[in-house]
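Asks: Provided below are the primary sequence and the corresponding predicted coordinates.
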Amino acid sequence: MRQTRSAAIVVLLALLLGSVAWAQGPATPKPPQKEAPPAAPSAAKTPPEMTAADLEAFLDGAMPLQLRREDIAGAVVLVVKDGQVLFAKGYGFADVAKRTPVTPDSTLFRPGSISKLFTWTAVMQLVEQGKLDLDKDVNGYLDFTIPPRDGKPITLRNIMTHTPGFEEVIQELFVGKASDLKPIDRYLKEHLPARIFPPGEVPAYSNYATALAGYIVQRVSGQPFDDYLEQHILQPLGMERTTFRQPLPKALEPLMSQGYALGSQPAKTFEFVEAVPAGSSSLTATDIARFMIAHLQDGRYGDVQILRPETARLMHTRQFENVPEMNGMCLGFYEESRNGHRILGHGGDTQWFHSDLHLIPEAGVGFFISYNSAGKGEISPRSAVWRAFLDRYFPYEPPQAKPPATASQDGQSVAGRYTVSRRLETNILSVSALLGETTVTYNPDGTISSSDLKDMNGQLKRYREIAPMVFRQEHGQDRLAFKRDAAGRWVMVFDFPIAVFQRTPWNRDGRLNLPVIIVSLAVFLLTLLLWPVAALLRRHYGRKLELTPSQKRWRLLARLACALNLSFVIAFAVTFVMASKDIGLLSSRMDLWLRIVQIVGWLGVLGTLPALYQAVRSWTEPGRWLWARLGDTLIALCCVGFAWFVCTWHLLHWSLKY
């Protein structure tokens with residue numbers, strides 16, 4: 001699978017961007033409210049006491065080496081416990097060129113989607129005031145209409161559990177400069193995505209939906225979104241070095257860390273997030289500690305109560321689950337239980353900053369880590385540190401489990417190809433789902449593996465069935481589960497509940513699509529390369545091409561179709577490869593260029609007709625050389641395959657919204 005995908009990327013030069021919610025009280029939740037019961041912590045190992053000194057010794061031994069190994073400029077780590085900051089320290093540099101060190105109280109980081117937790121908290125404040133209802137059609141709060149899907153509207157509970165059913169939106173999620181930023185309402189109205197799932201059924205993480213929730217906060221409260229957050233969350237908590245405003249307020253500009261692809265490379269420019277409520281915050285570690293403590297203490301920080309205790313507890317209660325044994329979605333927070341403890345959290349990524357926030361409510365512990373560089377990307381540095389932290393202070397050995405009698409049959413039945421539910425489905429970038437396809441393999445030892453799930457050593461993880469259709473990593477804790485959807489197809493569920501992987505339908509299966517496009521492009525390229533070569537050889541040997549003027553015209557049109565198809569793929573792919581390096585390019589500024597590229601594609605697809613006509617004539621006209629007939633036929637078949645591919649993946653869709 002990896003080799004096939006690499007070949008596809010080389011041929012297509014395509015991209016997959018990565019990295020990167022009651023008047024008298026809370027309404028009674030309607031979805032399931034139970035949490036997955038974590039197993040009791042192992043008593044096999046006595047952990048060291050979690051103290052500031054031990055944390056410093058532990059992290060000082062890990063962080064500097066990791067930064068150097070992963071080529072990351074700087075990072076910050078913070079731990080809160082029992083309502084206090086227990087540990088906070090910066091590592092590396094906020095500005096490499098100036099050798100400015102990272103500090104936890106005066107260096108601003110961009111925590112990306114962790115910003116969403118502030119938006120969800122704002123929503124819950126209005127819910128407890130009776131101004132919002134979690135189960136009401138959100139159209140009642142908007143000044144534009146979101147069409148229903150299967151007759152069902154979207155609710156705030158759907159939005160806060162990432163089950164509104166929207167396809168992914170990446171256009172203008174980030175913009176190049178402050179002057180390109182639009183008001184939230186304009187962004188939402190211009191980029192309304194298709195609904196590809198019924199609400200409340202399939203998790204598919206959505207930045208658009210979170211921005212929608214922020215706009216609802218703005219409309220219902222009567223305050224601009226930034227003003228509301230400052231007055232009702234940031235100022236009450238004393239978060240003086242936190243803002244959602246872009247560009248940064250003048251007082252905070254000198255404190256902002258630079259962002260880097262690699263710490264050894266020059267700094268990048270400030271990232272402007274168009275979907276403000278979904279990811280625009282800039283903050284210090286010691287500031288977000290106050291927010292974490294408030295959520296660990298049922299909405300209270302010191303003498304300040306930003307949420308009623310019952311509201312905070314509702315926010316932290318499971319609202320949606322894929323499989324009962326696996327982690328589920330709360331209201332905004334997602335479960336990430338591990339090492340025998342129930343854990344709530346959220347991650348966040350901009351192009352350069354990468355962060356995680358974790359809460360262990362029963363232990364009164366919170367953990368925040370943020371990096372100012374993408375790094376090499378060979379592993380997830382933040383996951384490595386977080387899991388090492390858990391293993392040190394909350395050691396755990398998973399209980400032994402006997403595989404079900406049907407383990408072999410179950411493992412073989414789920415083998416196949418899967419596509420993530422968080423995807424571009426109906427627009428010109430839906431082809432990214434092809435490159436994001438994963439393969440589940442049944443191994444000879446009775447385990448299963450997924451082509452995208454690797455351990456820290458770079459080797460594929462192996463999962464063994466421990467309960468009916470629930471698999472756990474050998475010598476680890478990660479889990480996979482499988483369930484059937486309404487159509488009876490397998491769905492693969494991770495312990496990361498913001499998305500699932502669905503069995504890929506035949507017409508989008510990489511085993512069909514990748515050979516079709518690779519062979520087609522190879523034939524087009526060889527045809528164009530051999531065209532002048534054949535002419536030179538004929539000239540050298542004095543062999544004249546004996547074709548009628550009509551035959552020459554149809555032959556020329558068929559080869560022109562090859563050139564157009566090849567040019568379309570190269571131009572399309574190079575455009576988005578460039579955008580993957582500067583996601584601010586993913587905006588309407590590219591529309592004219594994309595339309596020109598599409599015109600080339602449309603002409604190439606129309607060229608399928610003369611290619612087919614040429615192939616038919618080759619076989620019906622006497623005297624044609626067999627190899628010429630076979631060549632014309634191959635070109636025609638590849639033109640048909642190419643046309644089928646671009647139509648299947650909507651590459652020539654009339655809409656340039658994606």
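Replies: Good, I have the coordinates.
Asks: quick one, longest strand in the chain?
Replies: If you go by DSSP state E, the chain has its longest strand at strand 84-95.
Asks: okay, buried residues for that one please.
Replies: 85-95 (16 or more other CB atoms under 10 Å). Every C-beta, even on glycine, is put in place using the N, C-alpha and C of the backbone.
Asks: mind picking the two most distant members of those?
Replies: The most widely separated members of the buried residues of strand 84-95 are 86 and 95, with 27.7 Å between them, by CB to CB.
Asks: where does this structure have low pLDDT?
Replies: Residue ranges of the chain with pLDDT under 70: 1-44.
Asks: the residue most distant from the middle of it, which is it?
Replies: residue 542 (59.6 Å; CA atoms, centre = their mean).
Asks: how far away is that one from residue 625?
Replies: 17 Å (CB to CB, to the nearest Å).
Asks: again with residue 597
Replies: The spacing between residue 597 and residue 625, counted by CB to CB, is 36 Å.
Asks: with neighbour numbers in mind, choose between the two.
Replies: residue 597 (22 against 9; other CB atoms under 10 Å).
Asks: give me the element the closest residue to the more buried one other than its chain neighbours is part of.
Replies: In space, and not counting its chain neighbours, residue 597 is closest to residue 571: 4.6 Å by CB to CB, 6 or more residues apart in numbering. Taking DSSP states H and E as the definition, one finds residue 571 inside helix 549-581.
Asks: which residues are contacting the next helix or strand after that helix?
Replies: On the C-terminal side of helix 549-581, the nearest following helix or strand under DSSP H and E is helix 591-606. Defining contact as CB atoms under 8 Å, 6 or more residues apart in numbering, one finds that helix 591-606 is touched by 428, 561, 564-565, 567-568, 571-572, 575, 642-643, 646-647, 651-652, 656.
Asks: between those residues, which is closest to residue 270?
Replies: Relative to residue 270, the closest of those is residue 575; by CB to CB it sits at 24.0 Å.
Asks: what count of nearby residues applies to that closest one?
Replies: Residue 575, neighbours per other CB under 10 Å, totals 18.
Asks: quick one: residues contacting it.
Replies: Counting by CB under 8 Å, 6+ apart, residue 575 touches 590, 593-594, 597.
Asks: want to throw those into JSON lines with distance to residue 195?
Replies: JSON lines is the format used below for these (distance: CB to CB, whole Å):
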{"residue": "590", "distance to residue 195": "25"}
{"residue": "593", "distance to residue 195": "29"}
{"residue": "594", "distance to residue 195": "24"}
{"residue": "597", "distance to residue 195": "28"}
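Asks: now, of those, which are buried?
Replies: Neighbour counting by 16+ other CB under 10 Å classes 590, 594, 597 among the contacts of residue 575 as buried.
Asks: just put these in CSV and tack on distance to residue 473.
Replies: CSV is the format used below for the buried ones among the contacts of residue 575 (distance: CB to CB, whole Å):
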residue, distance to residue 473
590, 42
594, 42
597, 43
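Asks: out of the contacts of helix 591-606, which end up buried?
Replies: 428, 561, 564-565, 567-568, 571-572, 575, 642-643, 646, 651-652.
Asks: for these, which one is nearest residue 620?
Replies: Nearest to residue 620 among those, with distances taken as CB to CB, is residue 561, at 20.1 Å.
Asks: separation between that closest one and residue 632?
Replies: In this view, residue 561 and residue 632 are 12 Å apart by CB to CB.
Asks: which residues in the stretch 201-350 of the chain form helices?
Replies: Assigned by DSSP state H, counting those that start in this stretch, the helices in the stretch 201-350 of the chain fall at 207-221, 225-229, 235-237, 276-279, 285-296, 309-315.
Asks: export the first one to PDB, keeping only CA atoms.
Replies: Which is helix 207-221. The C-alpha coordinates for helix 207-221 follow below in PDB (Å, rounded to 0.1, in the frame of the first residue of the first chain):
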ATOM      1  CA  ASN A 207     -13.600  23.400  11.300                       C
ATOM      2  CA  TYR A 208     -16.500  24.900   9.400                       C
ATOM      3  CA  ALA A 209     -19.000  23.600  12.000                       C
ATOM      4  CA  THR A 210     -17.000  25.100  14.800                       C
ATOM      5  CA  ALA A 211     -16.900  28.500  13.000                       C
ATOM      6  CA  LEU A 212     -20.600  28.200  12.700                       C
ATOM      7  CA  ALA A 213     -21.000  27.700  16.400                       C
ATOM      8  CA  GLY A 214     -18.800  30.800  17.000                       C
ATOM      9  CA  TYR A 215     -21.000  32.800  14.700                       C
ATOM     10  CA  ILE A 216     -24.100  31.600  16.700                       C
ATOM     11  CA  VAL A 217     -22.400  32.800  19.900                       C
ATOM     12  CA  GLN A 218     -21.900  36.200  18.200                       C
ATOM     13  CA  ARG A 219     -25.500  36.500  17.000                       C
ATOM     14  CA  VAL A 220     -27.200  35.300  20.100                       C
ATOM     15  CA  SER A 221     -25.000  37.300  22.500                       C
END
